[in-house]
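**Q** next one to model:
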Amino acid sequence: MFEVLPQLAPDPILGLSASFREDTNSAKIDLGVGVYKDEQGNTPIMSSVAKAQTILLERETSKTYITPQGHQGYIDGMLQLLLGNNSGVLLADRVAAVQAPGGCGALRILAELLARCPEKAKVWVSDPTWANHIPLIGSAGLEIETYPYFDKAAAGINFDAMMETLKKTGKGDVVLLHGCCHNPTGADLTNAQWDEILTLAQERGFLPFIDVAYLGFGDGLDEDAYGIRLLAENLPEVIIAASCSKNFGLYRERTGLAAIITADSKTRKIVQGQIQSVARGIYSMPPSWGAALVDIILADNALKSEWVSEVNEMRNRMQTLRTMLVDRLEKNGADKDFSFLNTQKGMFSFLCISPEQVREVRAKHSVYFVDSSRVNVAGINKNNVDALAKALVSVL
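**A** Alright, predicted model coming up:
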């Protein structure tokens, strides 16, 4: 059966990782794969997570399935983290949610839920967006359109063009928005721009679909939730896909959340049943370990405080790395102004150089990142920033 299947091109990021591993240059630099790295280039287990693991090892008495919707403590803790402790939609019993296998699982569950609606939605995604948004959502059978977002020439958001395009949307359309730390550009909407999006959503009737994978990596946990909370409290329906891979460091544990804010509690019950049915048809029962750890951390004041401090430390370190890179580029005589990097947030930034320059810096200096010029800022450290700056200046 399988010999008739076409050979697919390798995934650009996974292919890049393979090339990096095969490179024999001892000074090679990996800025491709999107995982947080410390100063030594490692992706460590967070201290709060390590302590929660010890607690869970002592507490767990069975490996039987957890409930189909997942750990309820995890779901409640995550919803409070995203929507706020005094959220009106939570108090009104308007939120349906399930624990999902990672942010990817949450995106796919929500896409499949949308595909069950009588009229399959058209989903508008930013140009550019995270590459995996397209297959995760499109493979559910939903039509995908794009709206302008980032202008490479200006190294910033083209908000006017974005809003002009979104004025074409209507009731039944879905608009995918990055909650914070836009992947791949690092360029985030301001609070005032979120306010304008709310007004437009109220006027046009489109459904916001918010992907939040980096909460706490932008300006802070509460600050990064501004757009999510604004839309949730002021619109009848909002859907949210959340991930704990980055801010809890639970990459391999695949810990995510799919949530739907509904118009009323009666609809919430309908949607809760539907979303659990979707999950049942994809993977049956959710994984336990990662969500159990998050539940322990968010329910323990001391552990939560330690976790918040760790998130703050990671965020501040990445901002320092941006400043450091901009400084080194200037000192090495870059004939391009890279100061825009200091305004971007989270793990990723667009360097706004051409694919040809990206390939040249890879071939000549063993610096690896994707052709779009997206770099993982967390892959920079004090030992490689000078070499990175010199390599970039050499191809400008």
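**Q** run through the strands of the stretch 101-250 of the chain in chain order.
**A** 122-127, 143-148, 150-151, 156-157, 173-178, 207-212, 238-243 (DSSP state E, counting those that start in this stretch).
**Q** now for the fifth one, which elements pack on it?
**A** So that's strand 173-178. strand 122-127, helix 191-204, strand 207-212 (3 or more Cβ pairs under 8 Å, 6 or more residues apart in numbering; DSSP states H and E). Placement of C-beta: from N, CA and C, glycine included.
**Q** per-residue confidence at the spatially most central residue of the chain?
**A** In the chain, the C-alpha nearest the mean C-alpha coordinate belongs to Ala213, at 2.8 Å (Cα atoms, centre = their mean). pLDDT for Ala213: 97.
**Q** likewise Arg59?
**A** For Arg59, the predicted pLDDT is 96.
**Q** ditto for the one 4 residues further on
**A** According to the predicted model, the pLDDT of Lys63 comes to 97.
**Q** repeat for Ile13
**A** 78.
**Q** gap between the strand or helix carrying it and the chain center?
**A** Using DSSP states H and E, Ile13 maps to helix 12-22. In terms of Cα atoms, centre = their mean, to the nearest Å, the centre of helix 12-22 is set 21 Å apart from its chain centre.
**Q** by contact count, what packs against that helix?
**A** By 3+ Cβ pairs under 8 Å, 6+ apart, helix 12-22 packs against strand 367-368.
**Q** just list what the strand it packs on packs against, helices and strands only.
**A** Using 3+ Cβ pairs under 8 Å, 6+ apart: strand 367-368 touches helix 12-22, strand 29-30, helix 385-395.
**Q** change it to 10 Å
**A** helix 12-22, strand 29-30, helix 355-365, strand 374-376, helix 385-395 (3 or more Cβ pairs under 10 Å, 6 or more residues apart in numbering; DSSP states H and E).
**Q** out of those, which is the most enclosed?
**A** Mean neighbour count (mean count of other Cβ atoms under 10 Å) peaks for strand 374-376 among the helices and strands packed on strand 367-368, with a mean of 25.
**Q** pLDDT on that strand, on average?
**A** On average, strand 374-376 scores 96.
**Q** please apply the same query to stretch 161-178.
**A** 96.
**Q** quote the end-to-end distance of that stretch.
**A** 17 Å (Cα to Cα, to the nearest Å).
**Q** ok, and for that stretch, which residues are buried?
**A** 162-163, 165-166, 169, 173-178 (16 or more other Cβ atoms under 10 Å).
**Q** try stretch 326-343
**A** Those buried within stretch 326-343 under the rule 16+ other Cβ under 10 Å are 326, 328-329, 332, 334, 338, 340-341.
**Q** so which of those is the closest to Ala292?
**A** Leu341 (37.7 Å; Cβ to Cβ).
**Q** so that closest one: helix, strand or coil?
**A** helix (DSSP: H, G, I helix; E, B strand; the rest coil).
**Q** what helices and strands are in contact with the longest helix along the chain?
**A** As assigned by DSSP state H, the longest helix anywhere in the chain is helix 301-331. Using 3+ Cβ pairs under 10 Å, 6+ apart, the elements in contact with helix 301-331 are helix 47-59, helix 221-224, helix 289-299, strand 348-350, helix 385-395.
**Q** just those: most buried one?
**A** Among those, highest average neighbours (mean count of other Cβ under 10 Å) belong to strand 348-350, with a mean of 26.
**Q** ok, residues contacting it?
**A** Outside strand 348-350, the residues that touch it by Cβ atoms under 10 Å, 6 or more residues apart in numbering are 31, 34, 128, 130, 150, 152, 155-156, 181-187, 214, 217, 318, 321-322, 325, 338, 340-344, 369, 372-378.
**Q** where does pLDDT dip in the stretch 101-250 of the chain?
**A** Scanning the stretch 101-250 of the chain for pLDDT under 70 picks out nothing.
**Q** how far away from the center of its chain is stretch 250-266?
**A** Worked out by Cα atoms, centre = their mean, stretch 250-266 lies 14 Å from the chain centre.
**Q** re earlier: would you point out the most distant pair within the buried residues of stretch 326-343?
**A** Asn332 and Phe340 (17.4 Å).
**Q** and the contacts of strand 348-350, which are buried?
**A** 31, 34, 128, 130, 150, 152, 155-156, 181-187, 214, 217, 318, 321-322, 325, 338, 340-341, 344, 369, 372-378.
**Q** just to revisit the earlier point, dump the strands of the stretch 101-250 of the chain into TSV; add distance to Tyr251 as well.
**A** Shown next, in TSV, are these (distance: least, Cβ to Cβ, whole Å):
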stretch	distance to Tyr251
strand 122-127	23
strand 143-148	26
strand 150-151	26
strand 156-157	28
strand 173-178	19
strand 207-212	16
strand 238-243	9
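**Q** mean neighbour count, these: which tops it?
**A** strand 238-243 (a mean of 26).
**Q** parallel or antiparallel, which strands does the helix or strand following that strand pair with?
**A** Downstream of strand 238-243, the first helix or strand assigned by DSSP H and E is strand 255-261. Paired neighbours of strand 255-261 in the sheet (DSSP bridges): strand 95-101 (antiparallel), strand 238-243 (antiparallel).
**Q** out of the ones you listed, the one nearest Val385 is which?
**A** Among these, strand 238-243 sits nearest to Val385 (Cβ to Cβ), with 27.9 Å.
**Q** what's the angle from that closest one to strand 207-212?
**A** Using axes from the mean of the first three to the mean of the last three Cα atoms, to 10 degrees, the direction of strand 238-243 lies 20 degrees away from that of strand 207-212.
**Q** between strand 238-243 and helix 191-204, how many degrees?
**A** Using the same axes, to 10 degrees: strand 238-243 against helix 191-204 is 140 degrees.
**Q** relative to the whole chain's centre, how far out is strand 238-243?
**A** Using Cα atoms, centre = their mean, the offset of strand 238-243 from its chain centre is 10 Å.
**Q** equivalent analysis for stretch 228-248, please.
**A** 11 Å.
**Q** circling back to that earlier point, so which of the helices and strands packed on strand 367-368 is nearest Gly77?
**A** Comparing the helices and strands packed on strand 367-368 by Cβ to Cβ, strand 374-376 comes nearest, at 27.9 Å.
**Q** for that closest one, packing partners?
**A** strand 348-350, strand 367-368.
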